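S.K.: Sharing a model prediction with you, sequence too.
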Amino acid sequence: MVIYFLGAGIYSIAGAVYASSVLQILPRFWFVIAGVLLAAMYWKSPSRGRGTGVIAAQLAVLLSNAIARQWVQVSDLMKWYDPSKAPIRGEWGSFALFLATLLMALTIITWIGLTALRRTKSQSV
């Protein structure tokens, strides 16, 4: 249990350093607090519904991180780069690789969620 709190502390410190440099650019994502509250409730009293809530909150956090990363990249790049002046050249190989990786990740996440729900169906946890 101590290792989890140590990891969370290190992650929080690193995130705070990064967030202080980009916080004014990012939109506010208040549902992250809801995820923390759901995790605390699940830790205190595990149930299938709370487990599903924690999984949904984790997916929301991952989505918000992806959106925030793109938001910061676009905000920083627009200072030096105007995409309307760039020549367009189609490249489908990178998109196909991205799509295949995305589908694999979504399949794995779905499998984890379904396995967790199936395992908790027969048990109280």
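M.R.: Looks like it arrived, so ask away.
S.K.: Tell me the spacing between the residue at minimal distance from the centre of the chain and Ile55.
M.R.: When C-alpha atoms, centre = their mean is applied to the chain, the residue found nearest the centroid is Leu62 (0.9 Å). Distance, Leu62 to Ile55, by C-beta to C-beta, to the nearest Å: 11 Å. Placement of C-beta: from N, CA and C, glycine included.
S.K.: ok, now Ala14?
M.R.: Distance from Ala14 to Ile55, by C-beta to C-beta: 24 Å.
S.K.: Neighbour count: these two, which is higher?
M.R.: The residue with more neighbours, out of Ala14 and Ile55, is Ile55; 18 against 10, by other C-beta atoms under 10 Å.
S.K.: Show the contacting residues for that one.
M.R.: Residues near Ile55 by C-beta atoms under 8 Å, 6 or more residues apart in numbering: 113, 116.
S.K.: From Ile10, how far out is it?
M.R.: 24 Å.
S.K.: likewise Ala39?
M.R.: To Ile10, Ala39 is 18 Å away according to C-beta to C-beta.
S.K.: the more surrounded of those two?
M.R.: Taking other C-beta under 10 Å, Ala39 and Ile10 do not tie; Ala39 has more neighbours (15 against 10).
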